[in-house]
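Trainee: Quick one, what's the 3D model for this:
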Amino acid sequence: MSSKKSDTSFLVQGSVLAIASIISRIIGLLYRIPMTNIIGEYGNDYYSCAYEIYSMVLLISSYSLPMAVSKMVSARMAKHQQENAYRVFKGALLIALVTGTAGCLFVFFGAEFLTKVFQTPLSFFALRVLAPTLIIVAVLGVIRGFFQGLGTMIPSAVSQILEQIVNAVVSVAAAFVLFRYGTRIAAVLGGEQHYAEAYGAAGGTLGTSTGAAIALIFCALVFFAYRGRLRTGIARERKHTARRPENYASVMRVLILTIVPILLSTTLYNLVSIVDQGLFKNLAIMQGHDSDSVSLWWGVYSGYYRVLVNVPISISTALATSSVPALAAAFAKKDHDQVRRRIGLSMRFIMVIAFPCTVGMAVLAAPIMRLLFSTTSDLAGHLLLAGAVSIIFYSISTLSNAVLQGIDQMRIPIRNALIALAANIVSLPVSLYVFDLNIYAMIVGNIVFSLIMCILNALSVRKHSGFRPDITKTYVRPAAASVLMGVIVYVIYFAIYRLTDSNAAGTVISIVAGIISYAVILLLVKGLTEEELESFPMGNTIIRIAKKLRLL
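Mentor: Below is the predicted model:
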């Protein structure tokens, strides 16, 4: 494989996973709309609280396994060591079963205590439903990581979409059924407040468990279909080499040494959401706000704002996932030029997506919220307008985290995350007590955390890889194209809205116009080359159209 093809093939695989992530996020966004209409803002709060605790335990128990497995498998496959790669898989599977089971038992039996700590006791129903998912996701992550290490994202991508489809159907149906059941329970208990919402939230989390189980079955079937080919390769390897395979004790030791830094880094990076929830709710109640208001604010923040901003951020997460094995393989071969080229390609790809998403969501914040969630409250739109810029910072910091892990600098993201988390923790009480920002304090904290991570990681990547981004091409041109697109979107929305008095028509038409205008402007300002477009999904089709329109 030529250097050029090698440089772009990982981006193609990343694009596959990114597309799957976008589709999954869109499905997730779509099902959250009817689910939110069923369980309401209070139900969103209960759902969010349970999910944050589940996510935190998942982070500690097994979240780092897929990345560690993909990194170790990729490094061994680059050296043609199939048997060692398979031993990494089996060792990781054992770790997943142990840690996943421990996490499941901890969450199930500790649900009441954990939810009380976060001032949301009624979310314990939802948390208990999520407990078995910790075992399922741990095993699923190992299989996905194994295939990612082999250089294919297809099993992960397909299983991700399948998981989200099942999740969507089951979540809405179960939320509806259990909400009605909770209403009857509340009536029997004398009208216990928000019991229906608590049961409805538990129904929503049932979809998460069911979707993960279906995804695991799919990935397991794919693995068993591939196992015969793997065994043939291992038999051929044993026949033609005298090299002894790694013993399992060595494999487990290296796995643990790889997992721990990634675990600490990802835990600290994602710890901000659960720390924010516990800190914000307790500080806001201490400040004198009633618990219902705090619950309502958090429901809007978690159920509306965060669901939307996570859609574009998921693209950087997908590309980061695909970057780790590719960077690890290049790093294992000591091909530092290829490492730098791959970092540059990944960063440009992400910025081409992050800048227009940031500007578009800021310009159309209120219209998008009204269209998707039929909300009459201005709070959701104001939160999105204020916090859209964090999309850029989170996208950069997510990718740079993965880059540092891929080039064996796994301790650095831990240090950077600790500094950013400390700054975020300080910003919350200052925003609440000094500036009285209530839920907007969360937006300030998000921006502070992601910006500091972005800056510190960028400096670390530059120091340890020698990578220096092309500022004009990577940042300035996508930013300029996005600003011009934002002006066009703003004008078109209000023109359509005044003519039709329809928010839906204005929002949809202006979004379509924004996508087209951004693509045209980006090509006109030379924001992407033909070579880079070839690595995009449907890249050759885009190139043909652009040439016909004389944009290339």
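Trainee: Could you list the low-pLDDT ranges of the stretch 51-200 of the chain?
Mentor: Along the stretch 51-200 of the chain, the model assigns pLDDT under 70 to residues 63, 188-193.
Trainee: ugh, typo on my part, it should be the stretch 351-500 of the chain
Mentor: 374-377.
Trainee: quick one: the helices in it?
Mentor: Here the stretch 351-500 of the chain has its helices, by DSSP state H, counting those that start in this stretch, at 365-373, 379-387, 390-406, 411-429, 440-465, 471, 477-500.
Trainee: which of those sits most buried?
Mentor: When these are scored by mean count of other Cβ atoms under 10 Å, the highest mean neighbour count falls to helix 390-406 (a mean of 26). Heads up, the C-betas are built off the backbone N, CA and C, glycines and all.
Trainee: Kindly spell out which helices and strands sit in contact with it.
Mentor: In terms of contacts (3 or more Cβ pairs under 8 Å, 6 or more residues apart in numbering; DSSP states H and E), helix 390-406 is packed against helix 65-78, helix 248-287, helix 306-332, helix 336-363, helix 411-429, helix 440-465.
Trainee: closest one to residue 228 among these?
Mentor: Of all these, helix 65-78 sits nearest to residue 228, with 17.5 Å by Cβ to Cβ.
Trainee: tell me the mean pLDDT over stretch 531-551?
Mentor: On average, the pLDDT along stretch 531-551 is 71.
Trainee: what about the residue lying closest to residue 284 once chain neighbours are set aside, how many residues close to it?
Mentor: Once flanking residues are discounted, residue 284 sits nearest to residue 294: 4.7 Å by Cβ to Cβ, 6 or more residues apart in numbering. By other Cβ atoms under 10 Å, 22 other residues sit near residue 294.
Trainee: doesn't residue 120 make contact with residue 294?
Mentor: No. Applying Cβ atoms under 8 Å as the test, residue 294 and residue 120 come out as separate, 9.6 Å apart.
Trainee: shared neighbours, the two?
Mentor: residue 281 (Cβ atoms under 8 Å, 6 or more residues apart in numbering).
Trainee: measure the residue nearest in space to the middle of the chain to residue 307 for me?
Mentor: Central residue of the chain (Cα atoms, centre = their mean): residue 314, 4.1 Å from the mean position. According to Cβ to Cβ, to the nearest Å, residue 314 and residue 307 sit 11 Å apart.
Trainee: hey, where'd the helices end up in the stretch 101-250 of the chain?
Mentor: Using DSSP H, counting those that start in this stretch, helices in the stretch 101-250 of the chain cover 124-130, 133-149, 154-188, 195-240, 248-287.
Trainee: Pick the most deeply packed of these.
Mentor: helix 133-149 (a mean of 26).
Trainee: ok, back up a step: of the helices and strands packed on helix 390-406, which approaches residue 496 most closely?
Mentor: Closest among the helices and strands packed on helix 390-406, using Cβ to Cβ: helix 336-363, at 13.7 Å.
Trainee: and that closest one, what does it pack onto?
Mentor: Checked by 3+ Cβ pairs under 8 Å, 6+ apart, helix 336-363 has helix 3-58, helix 306-332, helix 379-387, helix 390-406, helix 440-465, helix 477-500, helix 503-524, helix 530-534 packed alongside it.
Trainee: In TSV, list those along with distance to residue 420.
Mentor: Formatted as TSV, the helices and strands packed on helix 336-363 follow (distance: least, Cβ to Cβ, whole Å):
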stretch	distance to residue 420
helix 3-58	17
helix 306-332	16
helix 379-387	16
helix 390-406	8
helix 440-465	4
helix 477-500	23
helix 503-524	30
helix 530-534	31
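Trainee: how about those, which one is nearest residue 67?
Mentor: helix 306-332 (5.6 Å).
Trainee: What's the mean pLDDT across the closest one?
Mentor: 71.
Trainee: Now for the closest residue in space to residue 140 that isn't next to it in sequence: which residues touch it?
Mentor: The spatially closest residue to residue 140, leaving aside those adjacent along the chain, is residue 216, at 4.5 Å (Cβ to Cβ, 6+ apart). Contact analysis of residue 216 by Cβ under 8 Å, 6+ apart lists 136, 139, 140, 143, 159.
Trainee: now the helices and strands packed on helix 390-406 as JSON lines including distance to residue 484?
Mentor: Formatted as JSON lines, the helices and strands packed on helix 390-406 follow (distance: least, Cβ to Cβ, whole Å):
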{"stretch": "helix 65-78", "distance to residue 484": "37"}
{"stretch": "helix 248-287", "distance to residue 484": "33"}
{"stretch": "helix 306-332", "distance to residue 484": "19"}
{"stretch": "helix 336-363", "distance to residue 484": "9"}
{"stretch": "helix 411-429", "distance to residue 484": "32"}
{"stretch": "helix 440-465", "distance to residue 484": "24"}
